[in-house]
Structure formats: structure tokens, C-alpha cells
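**Q** Here is my input; please provide its structure:
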Amino acid sequence: AHIAQIMARIEAGETPPADLAHIVLHTEMAQNFAAAGTLCGQQCWALTMHHNIEEQNIFPQLQTRGSEAVRTIVERLRAEHEVVHALLKRLAKAAEGLTETPIAKDFSETRAIFDQLVTVVQSHFHFEETALAAALGVYQIDI
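**A** Below is the predicted model:
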């Protein structure tokens, strides 16, 4: 939510696009997260950790114990993980580029990537929660 507010300020012309990296990487809030990385880094770290737990622990159990339908869901979620992480990389590269060429077009592209990431992650979590909730209990998946 904090990053979205910063982007809205840039869109409103209150903050120049070149300040995005500085604001995100050097705010007091971000400095408080220094042990876990930047504010963006912490959020990306949490998402990556969540996906790693699924990929290394939960999904293999579901692949082994689950029905064909559950295995199909797992494959979809794995594919979505790839999309999420590709968007994270694109967002990082785009934000970094703003420090070099802080123009409105580049900011608009960065904002579009961010918005797409938010949409994909929300959809992914909703699908994951609704599609796998019962399977975790039925197949006695260790979490």
C-alpha cells in the first residue's frame, strides 16, 4: 500500500519519477527494515519465501498424495509463481531505470508493471486459498 501511495504522488506531480528508488529505498520505514532489506526487498522476500515453502514442501506433498485435479491446480500455481517472479524482476529493473532516465513514459511503464503485479498476486492468492484449502486438510499436508 505504501508503494502505491508513493506512485500516486508521482502521478500527481508531487514527486519526480527519479525519486521513486530513493523514496522506496531510503525512507525511515525502509531503514527500519534494513535487517531484512529494503521495504520492497522485504515484501519481495516474504513473497519469495512463501513460494519457496510451497515449491519445496507443500506442492511435492500434494503432487504425491493429491488427486489428478489437485495436481492440475499445483501445476497452475507453479506456472503462476513463474509469472509473479518475472514481474518482480521487471519491476525492479524498471524502478532502477527511473534513477537513470526519470521521464514520465518510463514511470508510466513502471506503474503498469506494478499494477499488473498487484493484480496477478491478488488473483493468485485468491485462487490458491480457494482451490487448495480443502486439499491441505484432506491429504493431511504438513505445513
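
**Q** going forward, measure contacts and count neighbours with C-alpha atoms only.
**A** Fine.

**Q** In stretch 69-86, which of the residues would be classed as buried?
**A** The neighbour-count criterion (16 or more other Cα atoms under 10 Å) identifies 70, 71, 73, 74, 77, 78, 80, 81, 84, 85 as the buried residues of stretch 69-86.

**Q** and which of those residues is nearest residue 11?
**A** Set against residue 11, the nearest of those by Cα to Cα is residue 84 (24.2 Å).

**Q** hang on, the closest one packs against residue 120?
**A** Yes - with contact defined as Cα atoms under 8 Å, residue 84 reaches residue 120; the gap is 6.9 Å.

**Q** Okay, now the unreliable bits of the protein?
**A** Counting by pLDDT under 70, the chain has low-confidence residues at 1, 18-42.

**Q** What is the most widely separated pair among the buried residues of stretch 69-86?
**A** Between any two of the buried residues of stretch 69-86, the greatest separation by Cα to Cα is 22.7 Å, found for 70 and 85.

**Q** Give the other helices and strands that the helix or strand residue 10 falls within contacts.
**A** Under the criterion DSSP states H and E, the helix or strand holding residue 10 is helix 2-11. Under the contact criterion of 3 or more Cα pairs under 8 Å, 6 or more residues apart in numbering; DSSP states H and E, helix 2-11 touches helix 19-26.

**Q** what comes up buried for the helix ranked longest in the chain?
**A** The longest helix of the chain (DSSP state H) is helix 104-138. When neighbours are counted by 16+ other Cα under 10 Å, the buried residues of helix 104-138 are found to be 104, 106-107, 110-111, 113-114, 117, 120-121, 124, 131, 135-136.
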